[in-house]
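Q: could you look at this predicted model? Sequence included:
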Amino acid sequence: MASSPSSTNLRERIEATARAFLSAYEEGGAQDDASIINRDVTAECTRHLLPASVPQAYGLPADFFFDTKTYQETFAKDIKVLKFRNNISANLVIDTEARRAAFTSIAAVHANSGESYPAELAWFLYFNEDGSKVKKVVEFCDKDVILKMANTAA
């Protein structure tokens, strides 16, 4: 069954937004501009971390989420001591009807100390009506890598 032009355009827009969303991690660090992390999300976007053991490792409730302001503040601290490079996405799946995308990513995390290690994640993005902004992020993290990054940024 062929896609209608509008669903094709929506799919392309969602894909472009998802790719821009991921690239913000590299660009924000490279430009030392934490605000870049929020350029592809709505003002009300929430960011959720999974598995539940990740927020629990920080003493946070399992249903904890970041708002855009808090996430940008956290990202600003991170990019002072580490940078994301070669962030590559794979396994992209887009559902235009539900306005969602899912993909995996791997990036090289470079700490100012010279240490480098891979960070692998799975992302689930929920989009606004036209696919131009992300309104909810669910990030499935490698707990060990997230803790290592947090210790570097502490």
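A: Cool, the structure landed. The model shown is predicted, which means the values in this text are computed figures rather than measured ones.

Q: show me where pLDDT drops low in this structure?
A: Scanning the chain with the threshold set as pLDDT under 70 gives 1-5, 154.

Q: mind listing the strands in the chain by residue range?
A: According to DSSP state E, the chain carries its strands in the segments 41-50, 65-66, 82-95, 100-111, 116-127, 134-140.

Q: neighbouring strands - and their directions - for the fourth one?
A: What it means is strand 100-111. strand 82-95 (antiparallel), strand 116-127 (antiparallel) (DSSP bridges).

Q: my read: I37 touches G28, true?
A: Yes - taking contacts as Cβ atoms under 8 Å, I37 lies within contact range of G28: 5.0 Å. (Each C-beta comes from the backbone N, C-alpha and C, glycine too.)

Q: name the residues contacting each of these two.
A: Taking Cβ atoms under 8 Å, 6 or more residues apart in numbering as the contact rule, I37 and G28 both touch F75.

Q: one step back: and among the strands paired with strand 100-111, the most buried is which?
A: strand 116-127 (a mean of 18; mean count of other Cβ atoms under 10 Å).

Q: and that one, how far from the chain's centre?
A: With Cα atoms, centre = their mean, to the nearest Å as the basis, strand 116-127 stands 6 Å off its chain's centre.

Q: grab the CA positions of that strand and hand them over as PDB.
A: Coordinates of the C-alpha atoms in strand 116-127 are reproduced here as PDB (Å, rounded to 0.1, in the frame of the first residue of the first chain):
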ATOM      1  CA  SER A 116      36.800   7.600  26.300                       C
ATOM      2  CA  TYR A 117      34.100   5.000  26.400                       C
ATOM      3  CA  PRO A 118      31.000   4.100  24.400                       C
ATOM      4  CA  ALA A 119      27.400   5.000  25.400                       C
ATOM      5  CA  GLU A 120      24.700   2.800  24.000                       C
ATOM      6  CA  LEU A 121      21.000   3.900  24.400                       C
ATOM      7  CA  ALA A 122      17.500   3.200  23.100                       C
ATOM      8  CA  TRP A 123      15.300   6.100  22.500                       C
ATOM      9  CA  PHE A 124      11.500   6.500  22.200                       C
ATOM     10  CA  LEU A 125      10.300   9.900  21.000                       C
ATOM     11  CA  TYR A 126       6.800  11.200  21.000                       C
ATOM     12  CA  PHE A 127       6.100  14.000  18.500                       C
END
